[in-house]
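>>> Okay, here's the prediction I keep looking at, along with the sequence it came from:
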Amino acid sequence: MSSIKKLAGQTMWYGVSSIAARFINYLLTPFLTYTASVSVPDFGNMGLIYSFIPIFNILFTYGFETAYFRFSSKEENKKTIYSTASLSILVSTILFTLLLWANQNAIAIATGLQDLPQLVQISIFIIAVDALSVIPFARLRQQGRPKMYAFLKVSGICLNMFLVWFFIAYCPTHTGQALVKAIYNPTTNPIVYVLLANLAQSIFTLLLLSKELLAINFRFDTRLWKEMMIYSLPLLIAGFGGVINETLDRQMLRWWLPGEELFRKEQVGIYNACYKLSILITLFVTAFKMGAEPFFFKQAEGDNPQRVYARVMKFFVITISFMFLVVMLFMPIWKRFIGPRYWEGLSVVPILLLANMFLGIYYNLSIWYKLGHKTIAGTWITLIGACITILINFIFIPHFSYMACAWATFCCYGSMMVISFVWGQKEYRIPYAWRKLVAYMVIVVMLFFIHKGITYFYAASWFSLIIGCLLLAMFAWFILLVERKEFQKMPVIGKFIK
C-alpha cells in the first residue's frame with residue numbers, strides 16, 4: 001500500500017503541473033470562449049493549430065522520454081544516459097526546426113491557416129523549445145521530484161495566463177499607452193497573441209530548467225544511444241498513431257465536413273470547446289501517466305509487481321468512474337466552463353469522457369510491452385486505433401459532423417484497451433479484477449442514464465444537482481461496501497470503516 005500511496009502523491013503533484021504540459025489551453029477556455037473578441041471560427045483556428053503541434057512534438061522527441069526511464073534503471077548507464085539523451089534531442093531539434101521552417105507554407109495550407117502564417121511560425125518555435133525541455137523534465141520525474149516538477153510547470157502557467165489576459169483583455173482597452181503601442185497591434189488576430197504567450201511560457205520554463213541543463217556533461221555513449229533508438233523508434237510510430245487518435249479529428253472535421261470554410265471552422269470551434277469538458281478525466285489520466293511510467297518500471301524490480309499493477313488498476317478505475325459521474329451529473333455547473341455559443345455540442349461530452357476512461361485504462365495495460373521490450377506491440381495497437389479513427393471520421397463526418405469525431409474517439413480507445421488487455425494477458429499475465437472493473441463502469445453509465453431520464457421530466461438546474469448528489473452518494477456507498485477490505489487498509493479512510 002505504501003508504494004501505491006507514493007504513486008498517488010506523485011500523481012497529485014503531476015496533476016497540478018500537467019495542465020501546462022499538454023492542456024494549458026484548458027485553463028484559458030472559459031476566458032477565450034466568453035470573450036467577444038475571440039469568435040467561434042477563431043477558437044476553431046486555435047483548435048487546428050493545437051492539433052498540429054502534438055504531431056511534431058512526437059517527431060521531435062521520438063520516444064526518448066520513455067527510453068530514458070527504461071535504460072536509466074541500469075547501473076552501467078547512469079553516468080552517461082542523461083547527457084546522451086539530451087545531446088541527441090538537441091541535435092535533432094535543430095535539424096527538425098530548420099526542416100519545418102523551410103516547409104512552413106505547406107504546413108499552413110494543410111492546416112487551413114494560410115491566412116494566419118504567424119500561427120505556424122510561432123508553433124515551430126514552441127515545438128522546438130518544448131522538445132529541449134523533455135529530457136530535463138524526465139530527469140526530475142525519474143529522480144522522484146514531483147514538487148520541483150510542479151513548481152516549474154506552474155510557474156510557466158502563471159506567466160502564460162498573465163500574458164493571455166494582458167494581450168486579450170488589457171491591451172485592446174489601453175491602446176494609448178506607450179508599452180501597449182510598442183508590442184500590440186489591434187488588427188492582429190487574437191489567437192496569435194495566445195500562441196505568443198505559449199511561446200513565452202515555453203522559453204521561461206526552459207530557463208527555469210537551467211540547473212538541469214547545466215548537468216549535461218557532454219558525454220555521448222554511442223552504444224547506449226543505439227539501444228535507446230531501437231527501443232524508442234516503435235514508440236515514435238505509436239506516438240504518431242496516438243496523436244491521430246487524440247487531436248487530428250479537428251483537422252479531419254475541417255477537411256471532410258461539407259460547407260463553407262467559415263462554417264467548418266465554427267464546427268471545429270464548438271467541438272474543440274466541448275472537448276475541454278472532459279478535462280477532469282483527461283488531466284487525471286495525463287497526471288497518472290506521468291507518475292505511473294517511472295513508478296511501474298521501478299516496481300518491476302521488486303517482488304510480485306503484477307499484484308501492485310492490478311491494485312493500481314482497481315483504484316484507477318474507481319477514481320475515473322467517480323470523475324465521470326462528477327462531470328455528467330453536474331453538467332449545469334460544468335457547462336459554464338465554456339461560453340453559451342458552444343453549448344449546442346454538449347452531447348459529445350459523455351462519449352468523450354468514456355473514451356478518455358478507456359485511454360487511461362490502456363495506459364495502465366501498456367506496461368506489459370514496455371517491460372518486455374516489445375514496444376512494437378504498442379505500435380501495432382495504436383496504428384489499429386488510428387485506422388479506426390480515420391475510417392469512422394471519413395465515413396461519418398459528412399453526415400454527423402463532430403458527433404462522428406466523438407464516436408470515432410470512443411471506438412478507437414475502446415478497441416486499443418481491449419486488444420492490449422487480451423494480448424497482454426498472454427504475454428505478461430496480471431491478475432486484474434476485470435469483471436468487477438467493467439461492472440463499475442457499466443454502473444456509472446447506468447446512473448448517468450437514470451439521471452438523464454429523471455431530469456427529462458423536470459429540467460430545473462437545482463433539481464438536477466440534487467438528483468446528481470443522491471446518485472453520486474449511492475455509488476460512493478456501493479464502492480465502500482464492495483471494496484471494504486481495500487479501504488480498511490488505508491490509514492485515512494480505514495479508521496472510518498469498521
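Okay, I see it. Note that the structure is a prediction, hence the values are computed from the model and not measured.
>>> Got phi/psi on T175?
Taking degrees, to the nearest 10, you get phi -70, psi -10 for the backbone angles of T175.
>>> Quick one: residues contacting it.
181, 184, 186 (C-beta atoms under 8 Å, 6 or more residues apart in numbering). Every C-beta, even on glycine, is put in place using the N, C-alpha and C of the backbone.
>>> so what pLDDT did the second one get?
What the model reports for Y184 is a pLDDT of 91.
>>> mind listing what the closest residue to it other than its chain neighbours touches?
Distances taken as C-beta to C-beta, 6 or more residues apart in numbering place C171 nearest to Y184, at 4.1 Å, with adjacent residues excluded. Shown in contact with C171 (C-beta under 8 Å, 6+ apart): 180, 183-184, 186, 193.
>>> Who wins on neighbours among the residues you listed?
Highest neighbour count within these, by other C-beta atoms under 10 Å: Y193, with 21 neighbours.
>>> coming back round to it: which of the contacts of C171 sits closest to I126?
Using C-beta to C-beta, Y193 comes nearest to I126 of the contacts of C171, at 13.6 Å.
>>> mind checking which helix or strand that closest one is in?
Using DSSP states H and E, Y193 sits within helix 190-208.
>>> I'd like the average pLDDT over that helix.
Mean predicted lDDT for helix 190-208 stands at 93.
>>> packing partners for that helix?
Helix 190-208 sits against helix 24-34, helix 40-61, helix 117-142, helix 146-165, with contacts defined as 3 or more C-beta pairs under 8 Å, 6 or more residues apart in numbering; DSSP states H and E.
>>> Could you export it as PDB, CA atoms only?
Taking Å, rounded to 0.1, in the frame of the first residue of the first chain, the C-alpha atoms of helix 190-208 are listed here in PDB:
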ATOM      1  CA  PRO A 190      -6.100  37.400 -31.000                       C
ATOM      2  CA  ILE A 191      -5.100  33.700 -31.400                       C
ATOM      3  CA  VAL A 192      -1.600  34.900 -32.500                       C
ATOM      4  CA  TYR A 193      -1.200  36.500 -29.000                       C
ATOM      5  CA  VAL A 194      -2.400  33.300 -27.400                       C
ATOM      6  CA  LEU A 195       0.400  31.400 -29.100                       C
ATOM      7  CA  LEU A 196       2.900  34.100 -28.300                       C
ATOM      8  CA  ALA A 197       2.000  33.700 -24.600                       C
ATOM      9  CA  ASN A 198       2.500  29.900 -25.000                       C
ATOM     10  CA  LEU A 199       5.900  30.500 -26.600                       C
ATOM     11  CA  ALA A 200       6.900  32.800 -23.700                       C
ATOM     12  CA  GLN A 201       5.900  30.200 -21.200                       C
ATOM     13  CA  SER A 202       8.000  27.500 -23.000                       C
ATOM     14  CA  ILE A 203      11.100  29.700 -23.000                       C
ATOM     15  CA  PHE A 204      10.600  30.800 -19.400                       C
ATOM     16  CA  THR A 205      10.200  27.100 -18.300                       C
ATOM     17  CA  LEU A 206      13.400  26.100 -20.200                       C
ATOM     18  CA  LEU A 207      15.300  28.900 -18.400                       C
ATOM     19  CA  LEU A 208      14.000  27.600 -15.100                       C
END
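>>> That one to helix 117-142, inter-axis angle?
30 degrees (axes from the mean of the first three to the mean of the last three C-alpha atoms, to 10 degrees).
>>> Following element in sequence after helix 190-208, please.
Criterion used, DSSP H and E; the element after helix 190-208 is helix 210-214.
>>> who's in contact with that following helix?
86, 136, 139-140, 206.
>>> could those go into CSV alongside neighbour count and distance to F315?
Below are the contacts of helix 210-214 laid out as CSV (neighbours: other C-beta atoms under 10 Å; distance: C-beta to C-beta, whole Å):
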residue, neighbour count, distance to F315
S86, 25, 34
P136, 24, 30
R139, 21, 27
L140, 19, 24
L206, 18, 35
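>>> how many other residues sit next to the closest residue to K314 other than its chain neighbours?
Leaving aside its chain neighbours, K314 sits nearest to A433 (6.0 Å; criterion: C-beta to C-beta, 6+ apart). Residues lying near A433 (other C-beta under 10 Å) number 14.
>>> Find me the pLDDT at A433, would you?
88.
>>> That one against F316, yeah?
No - shown here, A433 and F316 do not form a contact pair, counting by C-beta atoms under 8 Å, at 12.0 Å.
>>> Give me the neighbour count for P190.
Using other C-beta under 10 Å: P190 sits among 21 other residues.
>>> for S232, that is, sorry about that
The number of residues packed near S232 is 24, by other C-beta under 10 Å.
>>> which ones are touching it?
Going by C-beta under 8 Å, 6+ apart, the list of residues near S232 reads 62-64, 66-67, 375.
>>> what do you get if the cut-off is 6 Å, keeping everything else the same?
Listed by C-beta atoms under 6 Å, 6 or more residues apart in numbering, the contact set of S232 reads 62-64, 67.
>>> With I361 instead?
Contacts of I361 (C-beta under 6 Å, 6+ apart): M417.
>>> Which of the residues in stretch 471-483 are classified as buried?
Buried residues in stretch 471-483, defined by neighbour count with 16 or more other C-beta atoms under 10 Å: 471-472, 475, 479, 483.
>>> So which of those residues are in helices?
Under the assignment DSSP state H, those contribute 471-472, 475, 479 to helices.
>>> Now tabulate these in JSON lines and tack on distance to C274 and pLDDT.
Formatted as JSON lines, those follow (distance: C-beta to C-beta, whole Å; pLDDT from 0 to 100):
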{"residue": "L471", "distance to C274": "23", "pLDDT": "95"}
{"residue": "L472", "distance to C274": "22", "pLDDT": "94"}
{"residue": "F475", "distance to C274": "24", "pLDDT": "94"}
{"residue": "I479", "distance to C274": "28", "pLDDT": "91"}
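>>> Could you single out the nearest of these to P30?
L472 (23.7 Å).
>>> In this structure that closest one contacts L325, no?
Yes - at 5.3 Å, L472 counts as touching L325 under the criterion of C-beta atoms under 6 Å.
>>> Does the residue of the chain positioned farthest from its centre belong to a helix, a strand or coil?
Distance from the C-alpha centroid of the chain peaks at G176, with 40.0 Å (C-alpha atoms, centre = their mean). Here G176 is coil, with the state taken from DSSP: H, G, I helix; E, B strand; the rest coil.
>>> where does it fall, phi/psi-wise?
phi -80, psi -10.
>>> Distance check, it against F394.
The gap separating G176 from F394 is 51 Å, by C-beta to C-beta, to the nearest Å.
>>> And for F421?
F421 is 27 Å from F394, by C-beta to C-beta.
>>> Which one's more surrounded, these two?
F421 (17 against 14).
>>> which secondary structure elements does the strand or helix carrying that one contact?
Per DSSP H and E, F421 falls inside helix 402-427. The contact analysis (3 or more C-beta pairs under 6 Å, 6 or more residues apart in numbering; DSSP states H and E) places helix 402-427 against helix 249-256, helix 349-365, helix 375-400.
>>> run the last query once more with 10 Å
helix 222-246, helix 249-256, helix 261-275, helix 349-365, helix 367-371, helix 375-400 (3 or more C-beta pairs under 10 Å, 6 or more residues apart in numbering; DSSP states H and E).
>>> Distance to N45 and mean pLDDT added to those helices, as TSV?
Formatted as TSV, those follow (distance: least, C-beta to C-beta, whole Å; pLDDT from 0 to 100):
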stretch	distance to N45	mean pLDDT
helix 222-246	19	83
helix 249-256	10	89
helix 261-275	6	89
helix 349-365	21	91
helix 367-371	36	81
helix 375-400	19	90
